[in-house]
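S.K.: All I have is the shape, not the residue letters:
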């Protein structure tokens, strides 16, 4: 069950107090932290958070609140995602210089890593250089059953060879696997001879 906005505020006050002091706040301190005049309202929110397993409380004990299993689980998941994020500080000109402005954002790889259908390959060859995919690049792909015209895919051809190309359907139940290199010819094969193994998600390049 999702938290309401007010329940989230109560939980944040309690967690912040515990982090700062090493022990749980009293109901009066929670009320002050939320600018509430009624302790009954604090009791109501704590009961709801306990039912949802975001809090644990002991009976007949002072300052007996503890962070519950649901809170710890979500906090751990958030920490794991944060460890897969790097700062995104803005944009950089690759043409004419532009005024530098700082942004506060992050680039997260958690969506890629947390997906069991995602895999990586190392590129060999220069058939896709006009799409800025070069020999030695690492590519991230997603296993999919359907692709669209123009998608960059890894295709297994005639059950023997795999290749990275743009995918196009052609008349006569044919598939055209189009390189991004003017020096190379497209591969035109019957659709039955092509098995799509993945669709391109991202390209990674290391310079040292």
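M.R.: Thanks, I have the structure now. Please read these numbers as outputs of a predicted model, since none were measured by experiment.
S.K.: any low-confidence regions in the chain?
M.R.: Along the chain, the model assigns pLDDT under 70 to residues 1, 59-62, 77-114, 208.
S.K.: can you give me the helices in it?
M.R.: Remark: helices assigned in the chain by DSSP state H are 5-21, 27-33, 39-51, 69-82, 110-113.
S.K.: Run a quick neighbour tally on the closest residue in space to residue 176 that isn't next to it in sequence.
M.R.: Excluding the flanking residues, the one nearest residue 176 by CB to CB, 6 or more residues apart in numbering is residue 168, at 4.3 Å. The C-beta positions use only the backbone N, C-alpha and C, and glycine is treated the same way. Close neighbours of residue 168, defined as other CB atoms under 10 Å, add up to 16.
S.K.: With the one 4 residues further on instead?
M.R.: Residue crowding around residue 172 was assessed by other CB under 10 Å; the count is 7.
S.K.: The residue nearest to residue 176 touches residue 174, doesn't it?
M.R.: No - using CB atoms under 8 Å, residue 168 is not in contact with residue 174, being 9.1 Å away.
S.K.: ok, back up a step: with mean neighbour count and distance to residue 142 added, can I get the helices of the chain in JSON lines?
M.R.: What follows is these, written out as JSON lines (neighbours: other CB atoms under 10 Å; distance: least, CB to CB, whole Å):
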{"stretch": "helix 5-21", "mean neighbour count": "15", "distance to residue 142": "33"}
{"stretch": "helix 27-33", "mean neighbour count": "16", "distance to residue 142": "45"}
{"stretch": "helix 39-51", "mean neighbour count": "16", "distance to residue 142": "38"}
{"stretch": "helix 69-82", "mean neighbour count": "13", "distance to residue 142": "19"}
{"stretch": "helix 110-113", "mean neighbour count": "14", "distance to residue 142": "9"}
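S.K.: Tell me which stretches of the chain form strands.
M.R.: Taking DSSP state E as the test, the strands found in the chain are 55-57, 65-67, 85-88, 105-108, 118-122, 138-142, 152-157, 161-170, 174-178, 187-190, 194-204.
S.K.: who does the last one touch, helix- and strand-wise?
M.R.: Think strand 194-204. Under the contact definition 3 or more CB pairs under 8 Å, 6 or more residues apart in numbering; DSSP states H and E, strand 194-204 sits against strand 118-122, strand 138-142, strand 152-157, strand 161-170.
S.K.: ok, and which of those strands has the densest surroundings?
M.R.: Using mean count of other CB atoms under 10 Å, the stretch among the helices and strands packed on strand 194-204 with the largest mean neighbour count is strand 152-157, at a mean of 19.
S.K.: between that strand and strand 194-204, how many degrees?
M.R.: Using axes from the mean of the first three to the mean of the last three CA atoms, to 10 degrees, the interaxial angle of strand 152-157 with respect to strand 194-204 works out to 140 degrees.
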